[in-house]
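**Student:** Provided below for reference: sequence and predicted model.
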Amino acid sequence: MKKFVKILCLALAFLMMFSLGACGNREDDGKIKLKISFFKAGFGDEWLVKTAEAFEDSHPDVKVVLEGHANMEQLVKNRLEAGNADKIADIVSITNMTFYHDYIRKGYLEDISDLYEMEVENGKKFIDVVLPQFTDYVKVNDKYYGIPWEGAVTGFAYNKKMFEQYGWEVPTTMKEFFELCDEIKSEGIAPIVYCGGIAEGYFQNIMLSWMFQYEGIESGEEFFALESADVFKKEGRKLAYEQVAKIVCNKDIVLSGSKGFDHLAAQREFIQGNAAMIPTGSWLQTEMSEFLEGFPNFEMAMFAAPAINDDGKDKNGNDLTVSVGNGDILAIPSKAANKELAKEFLLFMSTQEMLNLYVEKTGGNPRPYVYEKTDWSNLSAFGESVMEIWNSAYNIFPYSNNPLYLSGDIGFWLAEAGQCVTYLQNSSSLTEGISRASLLVNKDYELALDKLGK
Amino acid sequence: MRKLLSILLVAVIAFSVSGCTKYKTSSELPQIGSEDEFRFAAYMTPPQANVGSDILKNNPNYITDEQYKWIAECGFNYAYAVYEFEIEDIITVLDLCEKYGIKYMARDNGKGASFGSLIASGTNIENITDEQKSEIKARVDLYKDHPAFAGHIIYDEPSAALFDNIAKVKEFYEEYLPDKEYFVNLLPDTSAGQLGAETYNDYLEQFLQKVQPEMLSYDRYPLTYDTSGNPDLGIGYIANFEKAAVKAKEYNIPFYMFILTMGHWNYRTPKNYDDLAWQVYNSMAYGAKGIETFTYWTTMGTGENITYGLIDWYGNRTQTWYSMQQLISEIKAFESVYMDFDWQNTVCYTADSDYQNYQFEGLNSSVLAYDNAENPIDGISSIKGDGDALLGYFTNADGYKGYMLTNMADPADDETITIELKFNDAKEVIVYKKGRMVRYALNKGVLTTKLGSGEGQFIIPL
């Protein structure tokens, strides 16, 4: 009898568990949730998913909650301004420098200067592993409110197999570049395709590379300081405009339709083999990863903006290759629930293992940190070429501390509301395009004079 | 003792499987219904000859019996003109609309004075001259008494700077055509620089105050691609609904919604049922009383990355046409019931509070509910589920409550969600879904229901 009652009680308990379990409740697992809201675009999100998994492995009491969206910039802005701590993540990405400074002014971001003195690994502090040219823009009033997130490399991508097939050499000067275009054209192939319908054809970073490469580091930095309108008269700027004009105004070397392509259309044309080269950045492979699956035999690589001078040197006779990158930031909001844990995560992201993972998962895109690894042969040809540029070029993020720049009242290309490539590509001839390039320089100076004075 | 324990065991087993037991429903259904029609408007009617450009130049005439038969077969009860402006064409269209039971909204695009040109004249109109009135009447008199003529498309997406003129022209319109519709479609909330007002609410308020319209209509297209070519839903879509719905309720007028039915620019081609259903049912969760398609006929130009609408450039029905037909037939199955209810508010439900639904940001009066939410709105003691949803709350004059439940997952993800609603004081519910009406007895007030991608269900607890 007793045995029967025991069995019955067990059976009852089992059945009750079953009947209640059918209603279901998501259990709170008791872990600390570290929330990250990030801009999800060309580089995808696999890099962060894997970083988060690795962090969770080393922090079993933590769950990393990721929220990525192409419009995260606006969402973060709305949430910070609304000020509801429940909706604000522990780490946010910021890609707009004007927003970054605005947030600091309004007290939305945590001062994380102490993080820069914290150890990342092996006795190295954070300040030791981040590239100095990428920390200047993060520092405001001698304090740090964020860390640089991604570097990126910009230049030209080229069809590697096509180049090998025809024996074309990667150009290192613009003279070689235009001679190459003639060679490509003679084979009945369009040398270049670009996205004239969006983002100024992705030429503006390359234009800054050309300018900087010609002017040299000191003169280039002087331009970015924007202390007077005179910097807009630097010879390198005029030459940069002329290079663009020589490309976009020359129907013979540009794939028909480029004027109206958005970036995805232009990139598709390039991958389909309809053009040999495309101005672009190191996000290309990840951004087009799905489309590339349909072209398993396609191989591409990148080269940096070729030098303007025929000898490949700057105006002072120095060797200089420049790549212009991105200046995106990761920051911790002042209303974040888990600030110390967020700092741990940012430090964790900056270990060599995680830096390498970032490169691998973004198709060869670097973060602006010191990489100890030098052999990137595990990447695709594209990724390897990106890292080669990164390691050999002087990498810069175009930025100015001038308050007018920070408030959005002045930029680096002023005439035609900053849409210089759109203006140039609508020229009726190459001759007109070159002439327009001079007009742009003069107009830039006049507009700068208005804002900066002499 | 053994017998007693056995009985107890049986009772417990019966209890634990009782979730599956069907209860008896009551024998009588409530009489709920309205004679008002839900507006299904086909914007951009079949074009006349020679309106196309580029490869579409010299297009043939598509104002045919077959094309208008298809508009009716698809389920549309309104047709909005775009291309036709010659009187002969307008009358042909009106005759076809009459034949197929469609109400026609014409455009008055005459040379010289027209409703639209008066509004956009660049100055504030003090008076409309007799000469201008005569010019307009000379055209409109030729068809104004046609049985299918419902009114005019007066203006599309005006800035607030034009509202005074719109109001002035409306005075003339109401005097001249008292029973006809003076239709103005407004800008969406994404047009900050074009509104001519400080905020979108100001824009709406100014329009409603100055023009005193019979309805509110705006367009907003959520199905886009992000900069990497991935499907994306534009931010602020639900917030725009909220703003329009609240204002429409305040002024006691219906609101209509233009939905995306044609791929163009970076908008997706909404060819599948769920692409359309997502837009329509979510607008109904905020009380929309009509939808208008952008566009029915594919725009007769090859720029703007245009793909196709319900009818392609050459007069063929596309997959979108058939998807729309399916959707309209579903809604018509409960149209009279839905139209009997007035929208009150909407619950925006997020299944996992760790993953905020960014569509639910920027909301003011909507109820935000997360995870296992208790008492989110009148009549509901709890809501929980495995996916995000909208739950529009409605009441009718007889005191019944109605709920429009929708699946908020992006139709590109093709997700089915399960939602559990617990009703206060309800023994059964009527659920209108997929063109059917189903009655469910409730166990302790709980309804568990699945919604496929884009789907919506209208639920009345009894």
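**Tutor:** Yes, it's here. Numbers count the residues shown, from 1 in each chain, chains lettered A, B, ... in the order given.
**Student:** what bits of chain A have low per-residue confidence?
**Tutor:** Scanning chain A with the threshold set as pLDDT under 70 gives A:1-28.
**Student:** select the longest helix from it.
**Tutor:** helix A:430-452 (DSSP state H).
**Student:** now that one: buried residues?
**Tutor:** Neighbour counts over helix A:430-452 (16 or more other Cβ atoms under 10 Å in any protein chain shown) mark A:430, A:433-434, A:436-437, A:440-441, A:443-445, A:447-448, A:452 as buried. Backbone N, C-alpha and C define where each C-beta goes, glycine included.
**Student:** what does stretch A:146-166 give?
**Tutor:** Buried positions in stretch A:146-166, judged by neighbour count with 16+ other Cβ under 10 Å: A:146-160, A:162-163.
**Student:** convert the C-alpha atoms of that stretch to PDB, please.
**Tutor:** Coordinates of each C-alpha in stretch A:146-166 appear next as PDB, following Å, rounded to 0.1, in the frame of the first residue of the first chain:
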ATOM      1  CA  GLY A 146      35.100  55.800 -27.300                       C
ATOM      2  CA  ILE A 147      37.500  53.500 -29.000                       C
ATOM      3  CA  PRO A 148      38.200  53.200 -32.700                       C
ATOM      4  CA  TRP A 149      36.200  50.400 -34.100                       C
ATOM      5  CA  GLU A 150      37.200  49.700 -37.700                       C
ATOM      6  CA  GLY A 151      39.900  50.900 -40.000                       C
ATOM      7  CA  ALA A 152      39.100  49.900 -43.600                       C
ATOM      8  CA  VAL A 153      41.200  50.300 -46.600                       C
ATOM      9  CA  THR A 154      40.200  52.200 -49.700                       C
ATOM     10  CA  GLY A 155      41.500  52.200 -53.200                       C
ATOM     11  CA  PHE A 156      40.700  50.200 -56.400                       C
ATOM     12  CA  ALA A 157      39.600  46.600 -56.600                       C
ATOM     13  CA  TYR A 158      40.700  44.800 -59.700                       C
ATOM     14  CA  ASN A 159      39.800  41.500 -61.500                       C
ATOM     15  CA  LYS A 160      42.900  39.500 -60.600                       C
ATOM     16  CA  LYS A 161      42.300  36.700 -63.000                       C
ATOM     17  CA  MET A 162      41.600  39.100 -65.800                       C
ATOM     18  CA  PHE A 163      44.900  40.900 -65.000                       C
ATOM     19  CA  GLU A 164      46.800  37.600 -65.000                       C
ATOM     20  CA  GLN A 165      45.200  36.400 -68.200                       C
ATOM     21  CA  TYR A 166      46.200  39.600 -70.100                       C
END
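**Student:** does any part of that stretch sit near chain B?
**Tutor:** No: counting by Cβ under 8 Å from any Cβ of the partner chain, chain B is not contacted by stretch A:146-166; separation bottoms out at 14.6 Å.
**Student:** ok, back up a step: show residues contacting the longest helix of chain A.
**Tutor:** With Cβ atoms under 8 Å, 6 or more residues apart in numbering or on different chains as the contact definition, helix A:430-452 has outside contacts at A:226-229, A:231-233, A:237-238, A:241-242, A:244-246, A:248-250, A:402, A:404, A:409-410, A:413-416, A:420, A:423-424, A:427.
**Student:** narrow the residues you listed to those that are buried.
**Tutor:** By neighbour count, with 16+ other Cβ under 10 Å, the contacts of helix A:430-452 hold A:226, A:229, A:231-232, A:237-238, A:241-242, A:244-246, A:248-250, A:402, A:410, A:413-416, A:420, A:423-424, A:427 as buried.
**Student:** how many neighbours does the residue of the stretch 301-450 of chain A at minimum distance from chain B have?
**Tutor:** Nearest to chain B in the stretch 301-450 of chain A, going by Cβ to the nearest Cβ, is A:A337, at a distance of 12.1 Å. Using other Cβ atoms under 10 Å in any protein chain shown, the number of residues around A:A337 comes to 16.
**Student:** among the buried ones among the contacts of helix A:430-452, which are located in helices?
**Tutor:** Per DSSP H, those map to helices at A:237-238, A:241-242, A:244-246, A:248, A:420, A:423-424.
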